[in-house]
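J.: Build me a model:
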Amino acid sequence: MGDRMTIDKITWDRVGRVTEPGRYMYTFGWLTITASDLDIWLHYPRAAFTLLAHGPREDSASEEFHLGAFDVSPDAQYPSSTFADACADEQHVH
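T.: This is a model prediction of the structure:
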């Protein structure tokens, strides 16, 4: 049996809508937020980032995290058709 991997996502609301880059302490550990991360949240306030763990720093016993890949509309309901279906439909129009 393989290990089960969970992917934790985090939103701007969950981190208190911070406005400055920095290292912030949360219940799950330290989170480093960059200016680029904040820029994405400013443009896409509902974006959800993947939390990436580093392990504890030498000067801290708490876990260290940074933000990874993001989804700009994590709550969106996508239609059941696929991109390939849409392309096939468009080819029939011409």
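J.: Quick check: Y26 touching V15?
T.: Yes. Counting by Cβ atoms under 8 Å, Y26 touches V15, with 6.9 Å between them. C-beta here means a position set from N, CA and C on the backbone, and glycine is covered the same way.
J.: Contact partners for A48?
T.: 9-11, 70-71, 74 (Cβ atoms under 8 Å, 6 or more residues apart in numbering).
J.: Oops, could you answer that again for L52 instead?
T.: 65-68.
J.: which residues does it bridge with?
T.: Beta-bridge partners of L52, counted by DSSP bridges, are H66.
J.: Which pLDDT does the model give it?
T.: Confidence at L52, expressed as pLDDT, is 93.
J.: now H66
T.: pLDDT, H66: 94.
J.: for it, what are its contacts?
T.: 31-34, 51-52, 54.
J.: Now do it against H54, distance only.
T.: 7 Å (Cβ to Cβ, to the nearest Å).
J.: Which of the helices and strands in the protein ranks last by mean pLDDT?
T.: helix 83-93 (a mean of 49; mean pLDDT, DSSP states H and E).
J.: In the chain, where is pLDDT below threshold?
T.: 1-7, 55-57, 59-61, 76-94 (pLDDT under 70).
J.: which residues in it form helices?
T.: 35-43, 83-93 (DSSP state H).
J.: which residues does T34 contact?
T.: 21, 66-67.
J.: between the residues you listed, which is nearest Y44?
T.: L67 (12.8 Å; Cβ to Cβ).
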